[in-house]
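J.: prediction below, plus the sequence it came from.
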Amino acid sequence: MIHICKTDDRKNLEEMCKRHNQETRDVDKVPQIWEAYDDDRCVGVAAIKVKNDKFDLAWLIVEDGYEEIHLKEELYELTLEYMKEKGAKEVYINQRDWEFYSKRGFREISDTEMPEEFRYCVFCKRRNVSCFPKSMVLVLK
């Protein structure tokens, strides 16, 4: 059975990022992390960054084989609810799974429209070489 919990321990987030070839910049500045466990094994993480009252859904990672139970959607909903509670008006992302986010109302923006605080993906040496993210925003109502 899957259970999700909040944590401030960054160990599993860092390990999942490494396994899924994702950037770990600013992991130490993440205010909230959600972890999903199948028994005692971490199978999903989600974490946000907040800078200058702007919100970035920086990580949403789920291990292969857990898509059927909608674990990614559940983690996404938890992070979105948290950001709304904290007063977010917009949520920014630099993600490779842009189809997932498009279905949830995110729209693509140019790199110059991305707040400077979250342009870390723009300058990554892997961008458009082995990693093909899109900068996107969700305007909350």
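T.: Noted; the coordinates are in hand.

J.: so which elements touch the lengthiest strand in the chain?
T.: Secondary structure of the chain read by DSSP state E shows that its longest strand is strand 41-51. Using 3 or more CB pairs under 8 Å, 6 or more residues apart in numbering; DSSP states H and E as the contact criterion, the neighbours of strand 41-51 among helices and strands are helix 11-19, strand 33-38, strand 54-62, helix 71-85. All C-beta atoms are positioned from the backbone trio N, CA, C, and that covers glycine.

J.: any stretches of the protein with poor pLDDT?
T.: Judged by pLDDT under 70, the chain has its weakly predicted residues at 120-132.

J.: show me the residue at the heart of it, geometrically.
T.: When the chain is reduced to its mean C-alpha position, the closest residue under CA atoms, centre = their mean turns out to be residue 59, at 2.6 Å.

J.: coming back round to it: nearest to residue 112, of the helices and strands packed on strand 41-51?
T.: Between residue 112 and those, the shortest separation by CB to CB is 15.1 Å, and it involves strand 54-62.

J.: compute the inter-axis angle for that closest one and helix 71-85.
T.: 160 degrees (axes from the mean of the first three to the mean of the last three CA atoms, to 10 degrees).

J.: and residue 107, how far from residue 10?
T.: If you measure residue 107 against residue 10 using CB to CB, to the nearest Å, the figure is 30 Å.

J.: neighbour count for those two, which is higher?
T.: residue 10 (17 against 11; other CB atoms under 10 Å).

J.: how about the nearest residue to the more buried one, chain neighbours excluded?
T.: Nearest non-adjacent residue to residue 10, counting by CB to CB, 6 or more residues apart in numbering: residue 27, 5.2 Å away.

J.: burial count for that neighbour?
T.: Other residues lying near residue 27 total 17 when counted by other CB under 10 Å.

J.: how about it, what does it touch?
T.: Taking CB atoms under 8 Å, 6 or more residues apart in numbering as the criterion, residue 27 is in contact with 10, 13-14, 17, 47.
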